[in-house]
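*Asks:* Prediction below, plus the sequence it came from.
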Amino acid sequence: MNPVDRTILEFCGEDFCAVTSLKPQIPSGTLYRHVTRLVRLGWLEKSGSLYRTTAAGHRQLQRPSGAQPWEALEEIYPPLGSVPTAVHRALIELIFAAVVARQHAIRSDRHPYFVAFGGTLHWKTSLGRFVCHALGLDPTLHVVDCGSETGKSLSFRRNAMGDTVSRRNILDAPFLVLDEFLTADSSVRGTLNLFLSGRLVMPVENEQITIKPVPLLTLNPKTKDTFEGRVGLSAPLIRRGIFADLNAVSMPDLAHVGEAAVEAARNHTPIVLGAPAADCQPFHDAIVALSRAVLTPDARDRVDVEILVSLSTSMTSLIPEPAGAITTVMHAVGITAETLGWVRPGWVELVADFTLAPTVPAVRDSEPRVTAGDATRSSGEETRLVPSPTIRLAPERRVAARRESVPPLDLSDELRSRLIWLAVETQQSVEDAMTILLDLYVEWRGNEATIETLAAILRLADALGMTTLDVATVHEYLTMRHALAEHNCTFDDVPEALALLGVLQELPVSWDWELARTAMTAISTILTTGIPLDDVNAFLERHRRFEELDVDERTAEALAESLTRQGVPAEQRPAVMEHIIDGAARQVDLDTLNNERTQLHASLDEFQAQIARLEAHRQELRDDIESLEQYRATIRRQAARLEVECTRMETDLAVARGLRNFLLGKKSGVDAFFADLARLERWRRAGGSPDDAFGRAIVVDLQTKLFDFFQQLLAEPKAS
């Protein structure tokens, strides 16, 4: 992390704030370039125009200063700098190492697969596409949608005779993305297990198939209580994989930066992954101890340490020095495990401080002891006489079973209590803790006066009034004394330096070592050239006056050179300057008036156009009113016709009503009329005729009654 990044993260560490306040310290272009990069890395989060340091950013601030081995990977493959978050980058780095392990067959088994799970828009498939471009692969061929696969389509197919009719090219590729892993059909899961077994060669139907690709699984987790249920994998399979929960990652705005890394990888030449430069198997015990210091006890059973050893060996292809390769792998593993809650607090410092101290074997009585003067190995590497106090990297040992021949130890209650405290403090059993202490003594035994040295340390602590004095304090003291000696200084010079720092802190602007160094260089130049202090003050006052007038020195110098080139005498220059200024002012006023006139003409044209639009709209409204008036006249005529029709229908209704009332009120006359008709009908059936005397009498009577009926019918409506 460079000083600009650190300044920005510390400034935004408390709450959302505007980074514009940093412009006096950092140039504007540099400031926003670094802010954009920090947001892309997930170390800053943005809310409108305000920024705040994320948890990942605070973790970066807690890291020791100085470049770390894993930072060198971005120099090897620059597109890594565009990856959205540190978790995605950690997965990519580990995938590179896993590809080296498979392609160079550093072992026959314990090869990992990788799982990136989370919701949508978490850069899961894009992660696979990035790695494809980094390895020179076509993502359209090597990003496989598991939901669209059937049977053994991911490996090979046979015909009815048992002959192989097709073989998937991805079996020979270095990398494979199994996208949406949980959508795979049950018939496909058997083939998928070939890629998750961790073995290079797998027996399949009386044949052996070589599994070369490193698989990356992407999936949306299920809603389950257990980790196995969420990712859909069994506990043994989980131990072979490296997982990252992207739902726990603060994601930047992928709409802006999501494709930037993929495009950077596509446009960059593929990364070169050669053979490992070293074997990290001899450091197996150190890797075990470091992993146990980084991971929580519950997570140890979920991470195969043999995978970490092989990845460390593979990482030497990119970082040749074994300690740097181990540190890089464990840093990436810690970042991914942190998303799952599998790491201890302060694990970053443990990884950053990791070194490979030489292991001194137990010295037999017949072997010569190593003296303090033997400070180097035969290879010339400096031997550390004091082991790291932060993490004990002793080989893991199994305590041998007690035998009856070993007499029981008679320990005091105080010593027993201290041993129990030691076990609780180190989170080890009493036997493991004692084994570590004995191993430490064996390593120190090769140096003379070991016990005397320990006693001297305790006396020093007592003299300083300290209850504890760890190795780091002594080491820091000696390191500081050596550093002061290189500059011909001692600890007596420290108070003067602190007093100078107090003076610098009173300056009105914030400062750093680079600013202080620049200031001291300027003072040295002033003293060397013999410039008087009054001249310096006059120059600064003139410079401040230029700033107040918003004029720089170059402008004033150019004006003076112009007057000199024109041959203007010194005594005439004030008059010439006044004339130039008056003419320039008049020209500026004329230009201003011309601009205002142009703007007024434009405004007038705009107003006229608006008036024309309003006139057209008014004419349209008039036409609409005229059309509505015509429509209203038509409606009135139709209403008049309907009124006449209603009057006529009311008259007809009155006639019908009168006929009904008449018929209902003259029931006796109607009954008599129909009685005569019945009598005439009986006469005709009896053999009579309507033409004889009796028949004519009945007919005349019927005619009379019918005439009377119609007379009354016509008269009834008038009466009503």
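*Replies:* Yep, that arrived.
*Asks:* what about residue 121, which SS state?
*Replies:* Here residue 121 is coil, with the state taken from DSSP: H, G, I helix; E, B strand; the rest coil.
*Asks:* and the closest residue in space to it that isn't next to it in sequence, how many neighbours?
*Replies:* Distances taken as CB to CB, 6 or more residues apart in numbering put residue 254 closest to residue 121, at 5.9 Å, once the chain neighbours are dropped. C-beta: built from backbone N, CA, C; applies to glycine. Using other CB atoms under 10 Å, residue 254 has 14 neighbouring residues.
*Asks:* Just the mean pLDDT for the helix or strand residue 545 falls within, thanks.
*Replies:* In this assignment (DSSP states H and E), residue 545 forms part of helix 533-548. Per-residue pLDDT over helix 533-548 has a mean of 75.
*Asks:* and the next element down the chain from that helix?
*Replies:* Counting by DSSP H and E, what follows helix 533-548 is helix 553-565.
*Asks:* Report the distance from that following helix to the chain centre.
*Replies:* Distance of helix 553-565 from its chain centroid, counting by CA atoms, centre = their mean, to the nearest Å, is 55 Å.
*Asks:* Return the distance of residue 300 relative to residue 328.
*Replies:* Residue 300 sits at a distance of 21 Å from residue 328 (criterion: CB to CB, to the nearest Å).
*Asks:* Same drill for the two, tell me which one is more crowded.
*Replies:* Neighbours were counted for residue 300 and for residue 328 using other CB under 10 Å; residue 328 has more, 27 against 14.
*Asks:* Not counting sequence-adjacent ones, nearest residue to the more buried one?
*Replies:* Spatially, and ignoring its direct neighbours in sequence, residue 328 is nearest to residue 70 (4.1 Å; CB to CB, 6+ apart).
*Asks:* Quick check, the one you found in contact with residue 330.
*Replies:* No. With contact defined as CB atoms under 8 Å, residue 70 does not count as touching residue 330 (9.4 Å).
*Asks:* ok, which stretches of the stretch 201-350 of the chain are helices?
*Replies:* Along the stretch 201-350 of the chain, counting by DSSP state H, counting those that start in this stretch, helices occupy 227-231, 235-239, 254-257, 260-267, 284-294, 305-315, 322-338, 347-352.
*Asks:* quick one, which of those helices is nearest to residue 555?
*Replies:* Residue 555 sits nearest to helix 254-257 of all the helices of the stretch 201-350 of the chain, at 39.7 Å, using CB to CB.
*Asks:* List the buried residues in the closest one.
*Replies:* Buried residues in helix 254-257, counting neighbours by 16 or more other CB atoms under 10 Å, are found at residue 257.
*Asks:* what do you get for stretch 226-239?
*Replies:* Buried, per 16+ other CB under 10 Å, within stretch 226-239: 227, 230, 231, 232, 233, 237, 238.
*Asks:* And the strands in this structure?
*Replies:* Assigned by DSSP state E, the strands in the chain fall at 44-47, 50-53, 113-117, 143-145, 156-158, 164-167, 175-179, 201-204, 207-210, 214-219, 241-245.
*Asks:* Compare the ones you listed and report which one is nearest to residue 476.
*Replies:* When the strands of the chain are compared by CB to CB, strand 50-53 sits nearest residue 476, at 28.0 Å.
*Asks:* who does that closest one touch, helix- and strand-wise?
*Replies:* Contacts defined by 3 or more CB pairs under 8 Å, 6 or more residues apart in numbering; DSSP states H and E place strand 50-53 against helix 3-11, strand 44-47.
*Asks:* Just send the ones you listed back as TSV, with mean neighbour count, distance to residue 128 and mean pLDDT too.
*Replies:* Formatted as TSV, these follow (neighbours: other CB atoms under 10 Å; distance: least, CB to CB, whole Å; pLDDT from 0 to 100):
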stretch	mean neighbour count	distance to residue 128	mean pLDDT
helix 3-11	18	29	85
strand 44-47	17	26	88
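*Asks:* so can I have TSV of those showing distance to residue 183?
*Replies:* TSV is the format used below for these (distance: least, CB to CB, whole Å):
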stretch	distance to residue 183
helix 3-11	40
strand 44-47	32
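*Asks:* Compare those and give me the one nearest residue 126.
*Replies:* Short answer: strand 44-47, nearest of these by CB to CB, at 20.1 Å.
*Asks:* looking at the helices of the stretch 201-350 of the chain, which has the lowest confidence?
*Replies:* Lowest mean pLDDT within the helices of the stretch 201-350 of the chain: helix 254-257, a mean of 76.
*Asks:* so how far is that helix from its chain's centroid?
*Replies:* How far helix 254-257 lies from its chain's middle: 10 Å, per CA atoms, centre = their mean.
*Asks:* and if you look at stretch 117-132?
*Replies:* Here stretch 117-132 is found 11 Å from its chain centre; the criterion is CA atoms, centre = their mean.
*Asks:* first to last residue in that stretch, what's the distance?
*Replies:* Chord length of stretch 117-132, first to last residue, is 18 Å (CA to CA, to the nearest Å).
*Asks:* buried ones in that stretch?
*Replies:* 117-118, 122-132.
*Asks:* Stretch 169-182 too?
*Replies:* For stretch 169-182, the buried set under the neighbour-count rule, 16+ other CB under 10 Å, comprises 170, 171, 173, 174, 175, 176, 177, 178, 179, 180, 181, 182.
*Asks:* hang on, the earlier thing: and the helix holding residue 545, what other elements does it pack with?
*Replies:* So helix 533-548, by 3+ CB pairs under 8 Å, 6+ apart, packs with helix 553-565.
*Asks:* show me the contacts for residue 15.
*Replies:* Contacts for residue 15 (CB atoms under 8 Å, 6 or more residues apart in numbering) come out as residue 52.
*Asks:* for residue 304, same thing?
*Replies:* Contacts of residue 304 by CB under 8 Å, 6+ apart are 110, 112, 239, 240.
*Asks:* Relative to residue 197, how far out is the third one?
*Replies:* Read that as residue 239. The gap separating residue 239 from residue 197 is 12 Å, by CB to CB.
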